[in-house]
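*Asks:* whatever this is, show me its structure:
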Amino acid sequence: VRTSARAMATASTSRAAPHTASGTSRAGSRASRPRCPPRRALATTEPEAFNEFIKSASIRSRVELGYGDNGRGLFTTGPAGWKEIELLLEVPLDVCIVAPVGDGDAVSEDITARKIVESWERRNATVPEGIKTMMFSKSGEDRELGVALWLLFAVREGGKVWEAYGKWLPKKRELPSLLLATSDELAMTQNEAIVRQAAFLKAEVRRIFDGLAPGLVPGSVTFEDLCWAFAIVKSRAIAAEVGANPGGNDDTAVAVLAPCVDMANHVDASKVTALKKIGASDGGGLRGAYWRVITGGNIEGGGGSCCLETNRPLAAKGEEITISYVPAADNLELMMSYGFALRGNRNDRINIPMTDTTSSRLRLGALRYALEDVGLMSAATKEEDIRRLIAIVGSACIIPPGANIVDDDWELSAEDAERQVGNAQTIAEAWEDELDAFPTTLEADEELLESNAKYDTAFGRAALLFRIERKRLLTAGIDAMYEYINWLYADSEEEESSDSLPAGMA
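*Replies:* Numbers count the residues shown, from 1 in each chain. From the prediction side, this is the model:
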């Protein structure tokens with residue numbers, strides 16, 4: 001039977017110590033023994049382990065790890081942002097991976113970018129020369145491979161902070177990515193654009209992998225390892241620019257991987273509670289922040305950092321800290337880049353029939369008024385349904401995501417109303433055709449979702465949710481078009497009835 005170290009320690013201290021003839025312990029008096037430093041209690045839960053990591057990385061924090069409607073994420077430790085914008089999380093930039101990306105400018109010497117790498121090395125570990133050579137190549141492909149390899153090096157032998165944070169990053173099967181999904185999981189999206197993009201990306205990574213020189217990072221690098229690294233960079237890096245001379249000899253586009261900041265979940269713009277910012281805690285701005293980090297500034301003294309700040313007041317402990325990765329992204333973009341889809345994405349659009357000379361476009365003012373008049377859009381409507389209706393109106397009226405369009409006049413002439421009926425009918429039939437073209441029904445998909453089927457990677461369930469959301473949008477759009485048609489007919493009948501009344505009774 002194995003005895004735990006704790007049990008053995010307890011047993012040894014409970015035994016009576018043998019005494020010498022003089023009556024004193026062989027080990028000497030308690031006062032004369034050298035005192036060992038007290039042992040630090042080991043973290044026993046995931047939130048406790050997260051807090052330990054936060055401290056070890058010198059991260060200033062008012063957040064804790066938890067689980068909510070969006071899965072694992074960051075939550076407040078108390079109220080914040082009531083009187084002014086407040087800091088929620090601040091990660092020193094010399095903890096962050098800040099790597100050049102994109103084709104290098106021919107005139108730029110990447111002076112600041114090189115100093116940033118040096119600042120990371122001073123705190124963490126020396127980046128292998130082969131990786132640095134790639135990062136400061138003028139080739140965008142070399143640079144993107146460089147940041148992926150830097151990540152692999154960091155989580156393996158990049159010092160205690162990144163080796164520890166590597167355990168918090170999702171494993172291959174936990175990461176919903178086009179690069180890691182199986183062919184069956186990709187097919188589950190029922191979207192040819194996603195399947196084609198995944199095939200293209202995998203072929204590109206395979207080509208890069210086949211030409212990869214050995215020994216660039218400690219240990220072996222498999223094709224799946226490289227796919228994982230590219231997927232992490234694609235889904236978690238923050239784009240920025242550094243340099244003291246924009247457009248000149250010191251100007252570099254970079255990708256920033258900031259531990260813990262990348263744990264904040266994406267939500268609809270109306271639900272965002274925090275904003276990410278790369279700058280200095282004293283407000284010195286992006287380029288000034290990097291300069292202070294390079295010259296040894298620390299977090300308390302105004303050093304550079306990657307931050308999360310309040311976007312609106314947070315009422316109490318336990319409110320989720322959420323951000324927007326790409327404010328105008330539709331679900332197709334979110335799925336391709338991040339491996340998830342929003343329930344009710346206001347940025348989604350459904351094509352409507354158009355030719356070179358005709359359009360089935362609907363009148364914005366009339367459609368909005370009708371949806372409110374029939375009760376589809378009201379104070380009682382669920383938020384995700386309102387977001388779908390926003391997407392439906394944007395689709396039918398050809399309004400790009402994020403555009404602020406003033407309503408046109410909702411009143412229609414008899415000729416305009418007749419044209420609107422025809423257009424709405426055309427749109428409804430086109431959307432019905434798109435819905436019917438799916439190989440499975442919405443009802444069957446929802447049953448599959450309820451079954452909690454297991455998949456090879458996290459992309460499988462994400463793919464199912466993606467296609468369900470598309471079908472919900474189409475279904476809601478078809479219903480909205482027929483409600484609009486019925487409203488137009490009812491309004492027309494009221495006008496005809498009014499016209500037939502004797503003078504003075506209309």
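
*Asks:* show me the longest helix that occurs in the protein.
*Replies:* Taking DSSP state H as the criterion, the chain has its longest helix at helix 459-500.

*Asks:* quick check: mean pLDDT of it?
*Replies:* Helix 459-500 shows a mean pLDDT of 87.

*Asks:* mind listing what's buried in stretch 475-494?
*Replies:* Neighbour-count burial for stretch 475-494 flags 476-478, 480-481, 483-485, 487-488, 491 (criterion: 16 or more other Cβ atoms under 10 Å). The way it works is simple: take the backbone N, C-alpha and C, and place the C-beta from them, glycine included.

*Asks:* what lies in contact with it?
*Replies:* The contact list for stretch 475-494 (Cβ atoms under 8 Å, 6 or more residues apart in numbering) reads 350, 362, 366-367, 370-371, 373-374, 376, 385, 388-389, 392, 395-396, 412, 414, 417, 420-421, 424-425, 427-428, 431-432, 435, 442.

*Asks:* buried only: go through those residues for me.
*Replies:* Judged by 16+ other Cβ under 10 Å, buried ones among the contacts of stretch 475-494: 350, 362, 366-367, 370-371, 376, 388-389, 392, 395-396, 412, 417, 420-421, 424, 427-428, 431, 435, 442.

*Asks:* show me these that map onto helices.
*Replies:* 366-367, 370-371, 388-389, 392, 395-396, 417, 420-421, 424, 427-428, 431, 435, 442.

*Asks:* count the neighbours of Gly243 for me.
*Replies:* Neighbour count for Gly243, taken as other Cβ atoms under 10 Å: 23.

*Asks:* next, it: phi, psi?
*Replies:* phi 130, psi 150 (degrees, to the nearest 10).

*Asks:* residues in contact with it?
*Replies:* 108, 110-113, 250-252, 287.

*Asks:* most neighbours among the residues you listed, please name it.
*Replies:* Thr252 (27 neighbours).

*Asks:* what's the closest non-adjacent residue to it?
*Replies:* Ala113 (4.0 Å; Cβ to Cβ, 6 or more residues apart in numbering).

*Asks:* show me the contacts for the one you found.
*Replies:* Neighbours of Ala113 in contact, by Cβ under 8 Å, 6+ apart: 98, 100, 136, 242-243, 252, 254.

*Asks:* just give the closest residue to the spatially most central residue of the chain, not the sequence neighbours.
*Replies:* Closest to where the C-alpha atoms of the chain average out (Cα atoms, centre = their mean) is His266, at 4.7 Å. Nearest residue to His266, sequence neighbours excluded (Cβ to Cβ, 6+ apart): Tyr325, at 4.5 Å.

*Asks:* tell me where the stretch 301-450 of the chain has strands.
*Replies:* 304-310, 320-323 (DSSP state E, counting those that start in this stretch).

*Asks:* weakest of the ones you listed by average pLDDT?
*Replies:* strand 304-310 has the lowest average pLDDT among those, namely a mean of 86.

*Asks:* packing partners of it?
*Replies:* strand 87-92, strand 274-280, helix 286-294 (3 or more Cβ pairs under 8 Å, 6 or more residues apart in numbering; DSSP states H and E).

*Asks:* and the contacts of Ala113 as CSV, adding pLDDT?
*Replies:* Converted to CSV, the contacts of Ala113 look like this (pLDDT from 0 to 100):
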residue, pLDDT
Val98, 93
Pro100, 92
Phe136, 94
Val242, 82
Gly243, 80
Thr252, 87
Val254, 91
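
*Asks:* strands - which of those land there?
*Replies:* 98, 100, 242-243, 252, 254 (DSSP state E).

*Asks:* what's the distance between Phe209 and Pro170?
*Replies:* Using Cβ to Cβ, to the nearest Å, Phe209 is found at 21 Å from Pro170.

*Asks:* between the two, which has more neighbouring residues?
*Replies:* Pro170 (19 against 16).

*Asks:* still on that earlier bit, for the residue nearest to Thr252, grab phi and psi.
*Replies:* The phi/psi pair for Ala113 (degrees, to the nearest 10) is phi -60, psi -40.

*Asks:* please report how far it lies from Ala329.
*Replies:* 28 Å.

*Asks:* pretty sure Leu212 contacts Thr222?
*Replies:* No. Under the criterion of Cβ atoms under 8 Å, Leu212 makes no contact with Thr222, lying 10.5 Å away.

*Asks:* so for these two, which sits in the more crowded spot?
*Replies:* Neighbours were counted for Leu212 and for Thr222 using other Cβ under 10 Å; Leu212 has more, 14 against 11.

*Asks:* just checking, which helix or strand of the protein averages the lowest pLDDT?
*Replies:* helix 5-14 (a mean of 35; mean pLDDT, DSSP states H and E).

*Asks:* got the buried residues for the next helix or strand after that one?
*Replies:* The first helix or strand that comes after helix 5-14 along the chain, using DSSP states H and E, is helix 46-56. By 16+ other Cβ under 10 Å, the buried positions in helix 46-56 come out as 49-51, 53-54.

*Asks:* turn these into JSON lines, columns for pLDDT.
*Replies:* Output for these, formatted as JSON lines (pLDDT from 0 to 100):
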{"residue": "Ala49", "pLDDT": "92"}
{"residue": "Phe50", "pLDDT": "93"}
{"residue": "Asn51", "pLDDT": "93"}
{"residue": "Phe53", "pLDDT": "94"}
{"residue": "Ile54", "pLDDT": "94"}
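
*Asks:* list just the nearest of these to Leu342.
*Replies:* Nearest to Leu342 among those is Phe50, at 25.6 Å by Cβ to Cβ.

*Asks:* touching, that closest one and Trp168? I think so.
*Replies:* Yes. Counting by Cβ under 8 Å, Trp168 is a contact partner of Phe50 at 7.5 Å.

*Asks:* would you map the strands across the stretch 51-200 of the chain?
*Replies:* Using DSSP E, counting those that start in this stretch, strands in the stretch 51-200 of the chain cover 60-61, 63-68, 71-76, 87-92, 97-100.

*Asks:* ok so, going back, which of the buried residues of helix 46-56 sits closest to Glu446?
*Replies:* Phe50 (34.2 Å).

*Asks:* who are the neighbours in contact with that closest one?
*Replies:* Contacts of Phe50 (Cβ under 8 Å, 6+ apart): 64-65, 168.

*Asks:* sorry, back to before: for the residue nearest to the centre of the chain, give its distance to Phe230.
*Replies:* Counting by Cβ to Cβ, the gap from His266 to Phe230 is 20 Å.

*Asks:* next one: Tyr325
*Replies:* On the measure of Cβ to Cβ, Tyr325 and Phe230 end up 17 Å apart.

*Asks:* same check on Asp433?
*Replies:* On the measure of Cβ to Cβ, Asp433 and Phe230 end up 37 Å apart.
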